[in-house]
Structure formats: structure tokens, C-alpha cells
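Peer 1: could you look at this predicted model? Sequence included:
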Amino acid sequence: MSKLDEFRAEYKNSISDEIEKQKRYYFNIKNKDLREIADYLINDLGLRLSTASGTEMENHLEILYHFSNDETGQYFCPRIIIQNKDNPEVNSIAEIVKGAKWIERELFDFWGIKFKGHPNMKRLLAENHPQEVDKPLRFKEEK
Amino acid sequence: MGWYQKRLAKSLWVFHVSASPCNNCDIEILELLTPRYDLERLGIKLVGSVRHADVLLVSGIVNKKIAPRVKRLYKQAPEPIFVVGIGSCYSSQGVFEASYNRCQKLDELIPVDMYVPGCPPKPEAMIEGMAKLMGELNE
Amino acid sequence: MNVDLFFYLLVFPGFLFTSILGLIVGWIDRKVSARFQYRVGPPFFQNFNDIFKLLGKQTVLIKNSLKSPFIIAPLVSFGSLVILSLFIGLPLFFDKSFGGDILVILYIMVVFSIMVFLGGGASGNVYSSIGAGREIKLFLADELTFFLVCLIPIVSSGYNLELTSIISAQNAGAVVGSIHGIIGFLAGIICIQAKMTMQPFDIPEAETEIIEGPLMEYSGSLLAFWKLNHYMMYVIYPFFLIALYLGGFDFQGLGIIWSLLKYLLIVVIMIIIKNTNPRLQINKALSFFWKILFPITFIGLILAILGV
Amino acid sequence: MKNKVPLGPYHPILEEAEYFELEVEGEEVVDLEMEVGWMHRGHEYISEQENFNQAIYLVERICGICSTSHPIACVHAIEDIDNIEIPERAQYIRSLVGEMERIHSHLLWLGLAGHFIGYDTVWMWSWKYREPVLEMMEIISGNRNHYGMMRVGGVGNDVVPQDIPELVDKLEMIEEKMNMISKAVQDDPVLKARLKGVGALTKKEARNYCAVGPVARASGINIDVRKDEPTDAYGKVDFEEIIAENGDVYDKLIVRVKEIFESISICKQCINKLEKIDGPVLNDVKEISKGEGIGRYEAPRGEVFHYIRSDGSNRALRHKIRAPSYMNIPTYKASCPGVSLSDALITLAAVDPCYCCTERALKIKSDSEEKPDLLQLSKQKTERIREEHNGN
């Protein structure tokens, strides 16, 4: 049984509106069981966290994690929708996989998304930047 | 005095400043020292410390975080110092025109003597640039 | 006496001769190692240009460094090298020397390493202090072996400490002829490589690791003195080895070519060693000198005592 | 007592500006702090102002050494949205260009590694035999590094048949010289003494830090996008993956040297296939439909990852770029402590970091921002998005 079906059988209830494409699998999950699913993907299925990309739509923020299964080239992409845009808050998976430290710091740096439980939550690319560049990649409301 | 200028032209020591480039110009600069385009025959040597340098080879658009460091480097270098800008990133911000993180045009930051356009400039273009610099010193 | 002493000190075996010959041999070194790497290499007068250019540049003094030792270090080491070139040049060219001059030469050689340490430490920069520390560690590594390298010819030429008597003792047969001579000569070349911080042992001035170590903060004329010191050592150390092992120079007709060959032999061996192996770490260099080179030289010394 | 050694932003070992703070006790590195951001040029922010063809041209400028890996991954991402097929001849040309770039990138790293440990002869030799590869690139694409070869749905320009004999004998010369260099590098006892057991990265740590590319392969993880997801011509070409065990600097050297031989054999197979097949090189794509696409490619340093989300217009709504060094650089925290200072520096270089790749930037959806020349387009886009959201 391929890892995809294993995963689907295991977490049927917490996945919603899946998009199944050739070797790509996108699905939405809630913030509260992000850690549990990430732990399952990394340790039980032995996947590798490739990266996480933040996107901002009209009225919500979105984080798309990408886990890669190196044997078959299959990509698992859990997506988290964050409703309030003023101070977005997501659980951190930096304890489960150290590779996520930089990824989450960059999301904080550019989108202002705070990660609960991250070892050193400070800006990645704009650290001690001469001018105050705050969340350059959010909508520019005032412009 | 002409005599010292000739001596300086014959032995320019180069220090490489990479101010946020796409590191293609950096590799082309290092290629100038390799067997095909060997610049040591013109007396040009790559040095590690800015105190020993005569020419600052700056490449890349200078983003806001690196601008004060480039200015400080320029002050640290001993007096007869020349600045040569490598690549179109440096002269006209190249492809990164719309980036929010780029500093203002570089010649407002430090006085620039010469631009070598091209992305990346071919080694022959850079050698011609250095030759022009030496020619300017000689006469 | 003191008029031609000035001549000896400043012109012939002293400052002018050594620095010009050093710059030429430095050019040979750069040219041959460039040919090693399929490159064309610098033109002939390149080193002269470098030195004159550096003399003309502005000398930057660093705010948080100790001004006086920062300036004194290159000048004192330059002075020590000029005196060294005198003491080694006189017995070789004019057959004049005073009793026990090998010991004096060894002591003055120590002065150079200490001045590098002083210069590096005084320039108040993290890399220079690391470079200065490495200089002393490397000095500890090769000093004992170099001492034995000097002992072998003393022993084999009948326990006298004068360079002229060692040279004359070798008229019968050069020290290199015997087994202990060969061991001592090869160990001597490796020790010179370490003393001059050439390639496999250029740990203090690791150009890519700690940005030329102690020389990092120097610029302008002070840096010119450092570079001149480095090129003068190309002359002093090989001459010292020639005096100890290869029976010095003789200038009757054929002898000139023969002595030139001796000198070029040592320089070429050093260049080949320089271009064929990477830089060692400081602890590996220490273990190499203490665990491998020191026992071999000690065996050479014992053979010399037995007179093999 | 502990003191801090600042490394960077300008240091001969780092081609680009990068700032490390090594906590040193005597000569031994105890801890390591990293600060990035010096090379940050706002790539993804710009790539939203431009349409797809301009984005590919821009994405090439992310990194000079892997300057064709990013366009290939970006083109894969765009093609992944609608599963666009590309002609067979274009597949072989893409793999040929990619493998030649791997040869020139590994040779470049081999030279620089030699330079950092003071072995300038290796530097000069490996860069001397890197020039023919750049000449081959000039023959095919007209430029030494930024080739501008990739288009959505195929390749920019074709490999002309009368160039092929010249390419083949250049490859022969490189292979023969590479034998000499790899012999000189592999069984040189001083080099082994200098590099063996330095900065080792265990398999568990490499997996935990999600390392990719030769860094992971040197620690024993079998990960290679060319094998896992064989796009372009990697399915039809046979080559084998090189894995080493103990992940120290010496093994990283061996993995890269052997990979050069693999790439040369792939290039040869691609070239003699190109002689047989002929046909179009680009089937043009008119419309990119709405959706998301993930593009991956095995760059010389590891897996390059591009994620593109398009909304039907000719510009990407969201373009996320993640370079391989982004995952490899944090592994310093695992491999650097406990090593002497001079070894720490060669360990930093052993990962073959490409800092300008690491810091491309993040994107803003710029529909609320008025661009005079693109005013109409952005207005239409905002209408479309707004009624799409009001709809559901």
C-alpha cells in the first residue's frame, strides 16, 4: 500500500478538500493537529520537509507546507488557512524537524506569522537591517 | 608624480567586494586569475585584506543591509584607491530594478571610477576595463 | 676597519645585495609556480614594482592597536635580517668570521619570529592574534629540528663552531657526501620551508583562512618592509644551508657555475615542495616535526658522532 | 575562555557576503551563529511584476553557478500546472545543458576547495579544464553562464548538427583530464590527511536538517531528483547515483568528483541521441490555466524547488523559490562544533554554499499596488479575484 493511501487512511477525518494531481497531493488541515500530522509524515513515513510558502489572499493568510517522499517523487502539501490577519499564530514544527527553523523564521520575517514554540523567533533575512523593513511582503494597505 | 603612477599601474592589487550579486561576476573575476586569462602577467594579484588593496572590484546591486559595510570598506582602504563596478547589476541595477530592497544608485554611496557592463561581463571585457584603468594611470 | 664594515653591511653581502637577489629569486619562485599551474606568471620587474608601489601608498594606523610595537615590528625584523645576511655572507664570500658565529646566527633567526608575533599581536585584530599564535606554535615545531640540523655539520667537521672552519673542513669532502649529511640536508630544507612559512607550512599567513594572519592590518610602507623581509629570507636561509652542508662558494673559474647550481638546487626543491602539497593544520604540522622529522635528524646526529 | 571570531561579511573564503560568528575556545570551534540577508534582492517580489517569460529570464539571475537549474525547475512548475508535454528533442537538450552545468559547477567547487586549503595547483588545473565546458555552452547558447535556454514547453535554441563533433571531442578531452585530476586528488596522502574526518555530518543529522544533494548523498542518504522523479531525458538515460558513508569533507569531495564522470557519460548519451532525433524544439503554449504547480530539478547543490500559483492571467500570483543551499547551510550547526578553526573554514566551504540562492526573497500579492504601465491588467485581476471570493 503506497504511503499516500496509508496517510489518507490514517487521517481521513482531519483532511478537507483534497486536490489529487499526478505525483502531487494538496489537502487542508487545521492548525491544532499540524504537529501531529507533521510528526507522522516525518518519522513514520520518513518524508523530508522541502519548504513552506506563505500566500496572502483577499481575507485570509495561507501557509502551504511541502513534504517530499524521496523514493517515489510524491509531494504531500498540507495547507493551513489563518483567518485573522492582524497577528497570525501557528504551532511551530521546529522541534520535530530542525530544517524548519529557518523556514519558519523567514515566514515570520516577511509575513509576520508568529510560531508558538520556535527556539529563537527572530527575523531571518532582515536581521539588524538598517531601515525598519516590517513585513515587506504583506499587502501595502497604506500605499 | 608620473614615476609613482607608472609603478602603481604596473602592480594593481585587487580586492573583491561582492555586494549582493548573483555571484556570476564573482566567478568571472576569479576566472581572470586562472590559466586562460592569467592576469598575473599584468601584475594584478587578488589580495585577502582590504588594507593591501589598490582596486575595489564591486559587483552586484548593493542592498540596504550591505550598503553601510561597503561604505566602511571604502574608508578602510589606503589612499590611492580605485573602484571598478563589474556587471550591469552594478551600473543600472540590471534585472533587479523593481526590488524593494535595493539601495540607491551606487555612485552616490562611494565614488566610482569605472563600470564594466555585461551580465556577466566576459573576461575579455574585464581585462579591457583593467587595461583602460592602467592606461589612464600611465599618462 | 669600520669603513669597509659599512660597505659589507650596506652593500655587498648586506642589504642591497640580499634584497635585490631576494627579489629576483622571489620572481623566479612566482614564475616557476605559475608555470606549474600552466600560467604565464608575472614579468621580471614585478616584485620591484610591488615594493616601490607599497612604499608610495598611505600607511593606515589602526585606532585600537598599540601604535609603537605595530611600527617597530617590521623595522626590527628588517634590521635582524640585514645583520643575518652580513654574518652569513662574510664567511661565504670573504672568509671572515668570528668564533661561535653559528650560535649568534641561530639567536638572530629567533628575533624574526618574535617580531612577527609582536606585529600580529599589536594590530588588535582577531585574525592577526590567531595568526601570531600560530606563528609561535610553528616556531616551536621547527626550532628543535633546525637546531639538530645545525649540530650535524658542527659534529662532522670536528666540533668547531666557526662557519669558516666548517667550510674549510669540507674542502676534503662536503658534509652532504656522508649519510648523516644527506639526512641533515633534507631535514634542513623542510625546516627552512617552515621557517619561511612557505606553502605546506604557511599556516600563520594562511591567505584564505585568516587573511594573511599578522600582516592583515599592515599597509603602505610597513607592508613593503614585511614583503621585503620575506624576499630577503629567500637568500639568507639557502646561503646558510650551503655554508653548512654544501661547502660554501669558491670563485675560481668553474667554481662560479658550481656554486650557482648549489643555490638554484635548494631554491628549486623548495618551489617544488611549495606547489605540490596543500597547507597542513597546525596540530598536524607540530606532530609531523616532533614525531617524524626530529627522530630522523637525531639518528643523523648519532651517525655523525660515530663518523659514518 | 571563549571568544567570538567574526567571519565575514568580507572574507576570502566566502565569495559572497555572509556573516558567521564562531565561538572559539583556543583553536577549537564550540558554537556557530549564522546571520544571512546580505544578498537579499527581492527575487520573488520582482517575479510577480513580470509575466512568465520574463520571470524565467529573471529566475536565471538568482545564482551564477547554478544558472540553468532555476529556470528548469521554474519551467517544470509552470508545465506541472497543466501537465504540458515538451518535444523529445527539447528533453535531451535540457538534460544536456543541465549536466554540462553540473560539470562546470563541480569543477568550480573542486578548484575553490583546493584554493581554500592552499593547494593552488588543483585550483588552476580544475579551472583550466573548466574553460572547455564554458566554451561548449557558448557554442550552444551564446553565453558562458546565463544561457537563457529554457522556455515554457521546450527549449530556446537548438543544437545545430555541425557543432556536435566539436562538442564531442571537447567532452573527450575533459574526461581524459578529469582522470588525471581525480587520481591526483583521490590518492594524495597529504590531502587525505588534511580532509579525512573533518566536519563529519552523520546520517541522522542530515535527515533531521533535511539536507539535499551531494551533502546528503555524502552522508549516506539516497536522494537524487533525477532518479526519484525522472523528468526530461533522465528516464531514458542510464547513470548511477553515488553515495558515500561518513559525510566528512573528503567524502563530499569524492561524491562530487565521481558525479563529474557520471555527468560526462550522460552528456555523451544525450549528444548521440540528439544526432538521431529531429523535430520541433518548442511547442508554444498560449494559455496557463488557474492552479498550482511544483517544479523540481537536481541542481549541482541539491534539489531546487519552485512553487507557482497562477490565476489564469499571464503573471504568477505566487512564486516561491527554495534553493538547495537553504537547507544545506543550517547543517553547519551539526558539522562545525568540535572542529579546529582551520577545519571549520573548509567545512563551511565543503557544503558548496550558494548564499545568493538562499536569499531570493518572498512575494507580495501586488494587486492593490498601482503600476502605471500595468494599470489595466492589475485592475482586471483584482476584479476577478474579488468576485471569485465573493462567489464562494
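Peer 2: Arrived safely, thanks for sending. Numbering: from 1, shown residues only, chains lettered A, B, ... in the order given.

Peer 1: from here on, contacts and neighbour counts on C-alpha atoms
Peer 2: Will do.

Peer 1: what's the nearest residue to D:Leu253 if we skip its chain neighbours?
Peer 2: Excluding the flanking residues, the one nearest D:Leu253 by C-alpha to C-alpha, 6 or more residues apart in numbering or on different chains is D:Leu110, at 7.4 Å.

Peer 1: enumerate every residue touching the one you found.
Peer 2: D:Leu110 makes contacts with D:Val122, D:Trp123, D:Ser126, D:Leu253, D:Val257, as judged by C-alpha atoms under 8 Å, 6 or more residues apart in numbering or on different chains.

Peer 1: ranges for the strands of the stretch 1-150 of chain D?
Peer 2: D:2-7, D:19-25, D:28-35, D:150-151 (DSSP state E, counting those that start in this stretch).

Peer 1: adding mean neighbour count and mean pLDDT, write those strands out as TSV.
Peer 2: Output for these, formatted as TSV (neighbours: other C-alpha atoms under 10 Å in any protein chain shown; pLDDT from 0 to 100):
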stretch	mean neighbour count	mean pLDDT
strand D:2-7	16	72
strand D:19-25	19	74
strand D:28-35	18	76
strand D:150-151	24	84
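
Peer 1: so which of these gets nearest chain A?
Peer 2: Chain A lies closest to strand D:28-35 among the strands of the stretch 1-150 of chain D, at 7.4 Å (C-alpha to the nearest C-alpha).

Peer 1: is the closest one positioned near chain A?
Peer 2: Yes. Judged by C-alpha under 8 Å from any C-alpha of the partner chain, strand D:28-35 and chain A are in contact via D:Glu35.

Peer 1: and the lengthiest helix in chain A, what's buried?
Peer 2: Assignment by DSSP state H gives helix A:100-111 as the longest helix of chain A. Of the residues in helix A:100-111, A:Ala100, A:Lys101, A:Trp102, A:Ile103, A:Glu104, A:Arg105, A:Glu106, A:Leu107, A:Phe108, A:Asp109, A:Phe110, A:Trp111 count as buried by neighbour count, 16 or more other C-alpha atoms under 10 Å in any protein chain shown.

Peer 1: output it as CSV, nothing but the C-alphas.
Peer 2: Provided in CSV are the C-alpha atoms of helix A:100-111 (Å, rounded to 0.1, in the frame of the first residue of the first chain):
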residue,chain,number,x,y,z
ALA,A,100,12.0,24.0,9.7
LYS,A,101,13.9,26.6,11.9
TRP,A,102,15.0,28.8,9.1
ILE,A,103,11.7,28.3,7.1
GLU,A,104,9.6,29.5,10.0
ARG,A,105,11.9,32.4,10.8
GLU,A,106,11.6,33.6,7.2
LEU,A,107,7.8,33.3,7.3
PHE,A,108,7.9,35.4,10.5
ASP,A,109,10.2,37.9,8.9
PHE,A,110,8.1,38.5,5.7
TRP,A,111,4.6,37.7,6.8
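
Peer 1: helices or strands up against it?
Peer 2: Secondary structure elements in contact with helix A:100-111, counted by 3 or more C-alpha pairs under 8 Å, 6 or more residues apart in numbering or on different chains; DSSP states H and E, are strand A:48-56, strand A:114-116.

Peer 1: off-centre distance for the first one?
Peer 2: Using C-alpha atoms, centre = their mean, to the nearest Å, the distance from the centre of strand A:48-56 to the centre of the chain it belongs to is 5 Å.

Peer 1: tell me the pLDDT at B:Met1?
Peer 2: pLDDT for B:Met1: 59.

Peer 1: what of C:Leu228?
Peer 2: Here the pLDDT value assigned to C:Leu228 is 90.

Peer 1: give me the helices and strands touching the helix or strand containing it, please.
Peer 2: Secondary structure assigned from DSSP states H and E places C:Leu228 in helix C:221-245. Applying 3+ C-alpha pairs under 8 Å, 6+ apart, one finds that helix C:221-245 contacts helix C:15-36, helix C:46-56, helix C:67-93, helix C:126-156, helix C:163-169, helix C:179-195, helix C:254-276.

Peer 1: turn these into a markdown table, columns for mean neighbour count and distance to D:Val75.
Peer 2: Formatted as a markdown table, the helices and strands packed on helix C:221-245 follow (neighbours: other C-alpha atoms under 10 Å in any protein chain shown; distance: least, C-alpha to C-alpha, whole Å):
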| stretch | mean neighbour count | distance to D:Val75 |
| --- | --- | --- |
| helix C:15-36 | 20 | 44 |
| helix C:46-56 | 20 | 51 |
| helix C:67-93 | 21 | 58 |
| helix C:126-156 | 22 | 46 |
| helix C:163-169 | 22 | 77 |
| helix C:179-195 | 23 | 55 |
| helix C:254-276 | 16 | 45 |
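
Peer 1: looking at these, which has the lowest confidence?
Peer 2: When I compare the helices and strands packed on helix C:221-245, helix C:163-169 is least confident, with a mean of 82.

Peer 1: quick check: residues of chain B near chain A?
Peer 2: Chain B has residues B:Lys64, B:Lys65 near chain A, with proximity defined as C-alpha under 8 Å from any C-alpha.

Peer 1: swap in 6 Å and give it another go.
Peer 2: By C-alpha under 6 Å from any C-alpha of the partner chain, the part of chain B that sits against chain A consists of B:Lys65.
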